[in-house]
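**Q** return atomic coordinates for the entry below.
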Amino acid sequence: MCGLAGIFNITGEPVSIDTIKTITERIAHRGPDGEGYFTENNIALGHKRLAILDISSKGSQPMLSKNGEWVVVFNGCVYNYLDLKITLQTLGHSFVSTSDTEVITEGLAEYGPVFFQKLNGMFAIAAWNKRTKELYLSRDRYGIKPLYYWLTKDKLVFASEIKAILAHPDFKTELNYEALNEYFTFQNLFRYHTLFKGVTMLPPANTVKISRTTELKHKSWWDYDFSKPDTTMSFEDAKEVTKQLLEKAVARQMLSDVPLGSYLSGGMDSGSITSIATKHIKRLTTFTAGFDMSEVTGVEANYDERRDAELMSNHFKTEHYEQVINAGDFAWSLPRVVWHLEDLRVGMSYPNYYISRLASKFVKVCLQGTGGDELFGGYPWRYYSVFKSLDKKEFFESYYSFWKRLVPDEEKCNLFTDSTSRQINIERPRKDFEDVFLFNKKLRYDTPEDHIQNSLYFEIKTFLPGLLLVGDKLSMANGLEERYPFLDNDLVDFAQKIPVKFKLGNLEQYKAEQKAHAGNRKLSYTSYDDGKNVLRKAMKEYLPESILNRKKQGFSAPDESWYRGENAAYIKDLLLHSKTVSTEFIRKEYIKKIIDEHLNRKYNHRLLLWSFMCFEWWCRIFLNGEKVK
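**A** Model prediction:
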């Protein structure tokens, strides 16, 4: 819920109310239900409200603590706020609203910034201490809610979205070349920089303090830890506790004073959440997106999940709505998607934009299944690809090759123009990749199980944040709050302790086959689809058998076919036109080569073509100032 923005002038110069209003207005789509501002000398806070809990004026922000010490603007939802509220009441705190924001203000008054660590939820918070004149910024454990900042020698400007920072009169938009290099390696950013030079994302589970100097004091207060599985745990215990904790997580995240629904694809994760949610809401509203398959061939012919979603809707007796996306819907949505994303990340995300737009017509809160794959091992073909690694060096080599999703390092000289190449270090993405692992000193590299645990750690630290960023930006673009029951603190803490052998159903079989055929042939790890075994068994009483045994499939449009068909002309016109902007940085001849190879069916370049198109629109919108209508 909501969007926040703020300006802190380190020099002590007063902040203009007009300036904070200007930058906050850029994120008005995040909060259509109200706005509020706080200014005091050199600090200003702005807020746009999407009212979810206590929709009355008592829940408005910025909010002041009862002792007059803390001023808070907050984006997100604290699911354990009622328990925290009871504790604070026993300590003498009183409350006038039923909002979770007030619990944050009183928690800060009681405990100080360490209170952020007690929150079970999704949040980005800016808190100003009027007594000490210190500003604190903090994000949730998993990075569900974004928070960006721009720091200069005399000011700190921060906001839920980068476009608010761009509206500051002193900001000049320039491309961050190192982020460009990283994006075209991974289709993601592993560091916390952005494509906008000087704009940084606050890391998850991180609190930063700033007062009278330009020094930002970071405190990282939590990290994932898959390195200590509970070897005494039985499979039955793992299954039963997983079921109980997911039930509690869904119930906890259904707190809302406005209509709430759930996404319902044909998969197990959203199906599990929906099935539990229907125990609390009769005739729950559910949503799915499907695709026109009339000109789709090959494996993509199975991408439309509507049939399985309808099966589950009928099974759970939900009020179900569907959006059918056609090939022609892509071009209309692309500039809008890029405008809202700003911070380009994983996947071809325009279907997310359409389904959140559909859901927003009926509800203001929607439950999401993201996180189940990363916690319970939903991508076995990725983990088995590094199964035979012998040590850390071999593991890094194998896994880095796997995660270069777009352009290999050896092709970068053909990708980037000469002027761009002079601005980047081709080898830096490899270091960024390794730094993800090296951040956690607990990781081991001695056994196949270690390598799989490390793979889980890597994906939940990189791939998942990319998915969450896409989810936040494109849902909030439509005034919709998405929630993620799999990312509940208690469930996450337990899932990390579940042994790998319980998550991957064929692990022991794979190990035996590998040993039996050592040196004779290469095993086809891509054929394994045994992930989330313990979750699958835990949900047996909730889901139809056909869904439990369904082959893993992501939420993706059939773009390989569509790029060769109806959208081919659009792609050529966008990327190879004389007015194409991104060719200042990307060689046009390389783009043409990729398009030709895709159209001639030599390679499936759908990910790279999507990234080229997104970057072209990024350049048009943010460098050239083209308006999105």
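**Q** helices or strands next to the helix or strand of the chain with the lowest mean pLDDT in the packing?
**A** Lowest on mean pLDDT, DSSP states H and E among the helices and strands of the chain sits helix 507-516, with a mean of 71. The contact analysis (3 or more Cβ pairs under 8 Å, 6 or more residues apart in numbering; DSSP states H and E) places helix 507-516 against helix 500-503. Every residue, glycine included, has its C-beta placed from N, CA and C.
**Q** the helix it packs on - contacts with which helices or strands?
**A** helix 448-476, helix 507-516, helix 533-538.
**Q** pLDDT of that helix, averaged?
**A** On average, the pLDDT along helix 500-503 is 94.
**Q** picking up where we left off before, hey, what's the angle from the least confident helix or strand of the chain to helix 448-476? Just curious.
**A** Angle, helix 507-516 to helix 448-476, by axes from the mean of the first three to the mean of the last three Cα atoms, to 10 degrees: 130 degrees.
**Q** circling back: lowest-confidence stretch among the helices and strands packed on helix 500-503?
**A** Lowest mean pLDDT within these: helix 507-516, a mean of 71.
**Q** so how far is that one off the chain centroid?
**A** Taking Cα atoms, centre = their mean, to the nearest Å, one finds the center of helix 507-516 at 34 Å from the center of the full chain.
**Q** can you tell me the SS state at Pro203?
**A** Three-state call for Pro203 (DSSP: H, G, I helix; E, B strand; the rest coil): coil.
**Q** so what's the nearest residue to it once chain neighbours are set aside up against?
**A** Among residues not flanking Pro203 along the chain, Tyr192 sits closest, at 5.4 Å (Cβ to Cβ, 6 or more residues apart in numbering). With contacts defined as Cβ atoms under 8 Å, 6 or more residues apart in numbering, Tyr192 is in contact with Thr200, Met201, Leu202, Pro203.
**Q** can you check Glu597 too?
**A** Tyr603, His605.
**Q** quick one: what helix or strand has it in it?
**A** Counting by DSSP states H and E, the element that carries Glu597 is helix 588-599.
**Q** Asn176 against Leu189, yeah?
**A** No - look at Asn176 against Leu189 with Cβ atoms under 8 Å: they stay out of range, at 9.6 Å.
**Q** which one's more surrounded, those two?
**A** Between Asn176 and Leu189, counting by other Cβ atoms under 10 Å, Leu189 is the more crowded of the two (27 against 19).
**Q** tell me the secondary structure for that one?
**A** Under three-state DSSP, the three-state class of Leu189 is coil.
**Q** so Glu449 sits against Phe502, correct?
**A** No - contact criterion Cβ under 8 Å: Glu449 and Phe502 do not qualify, at 11.4 Å.
**Q** of the two, give the one with the bigger neighbour count.
**A** Taking other Cβ under 10 Å, Glu449 and Phe502 do not tie; Phe502 has more neighbours (22 against 19).
**Q** residues contacting that one?
**A** Phe502 makes contacts with Met233, Phe235, Ala238, Asn533, Val534, as judged by Cβ under 8 Å, 6+ apart.
**Q** can you do 7 Å?
**A** Under the criterion of Cβ atoms under 7 Å, 6 or more residues apart in numbering, the neighbours of Phe502 are Phe235, Ala238, Asn533, Val534.
**Q** how many residues are close by the third one?
**A** Using other Cβ under 10 Å, the number of residues around Asn533 comes to 22.
**Q** ok, the residue nearest to it when sequence neighbours are not counted to Glu174 distance?
**A** Closest residue in space to Asn533, ignoring its immediate chain neighbours: Gly505 at 3.6 Å, by Cβ to Cβ, 6+ apart. Noted for Gly505: a distance of 50 Å to Glu174, by Cβ to Cβ, to the nearest Å.
**Q** so between the two, which is more surrounded?
**A** Neighbour totals were compared for Gly505 and Glu174, and Gly505 leads with 20 against 13 (other Cβ under 10 Å).
**Q** three-state assignment of that one?
**A** On the basis of three-state DSSP, Gly505 is classed as coil.
**Q** pretty sure it is touching Lys532, no?
**A** No - taking contacts as Cβ atoms under 7 Å, Gly505 lies outside contact range of Lys532: 8.7 Å.
**Q** residue ranges in the protein under the pLDDT threshold?
**A** 1, 514-529, 552-554 (pLDDT under 70).
**Q** 50 - rerun?
**A** Low-confidence segments of the chain (pLDDT under 50): 520-521.
**Q** how about the nearest residue to the residue nearest the centre of it, chain neighbours excluded?
**A** Nearest residue to the geometric centre of the chain (Cα atoms, centre = their mean): Leu468, 1.3 Å. Take Leu468 and drop its neighbours on the chain: the residue closest to it by Cβ to Cβ, 6+ apart is Ile144, 5.1 Å away.
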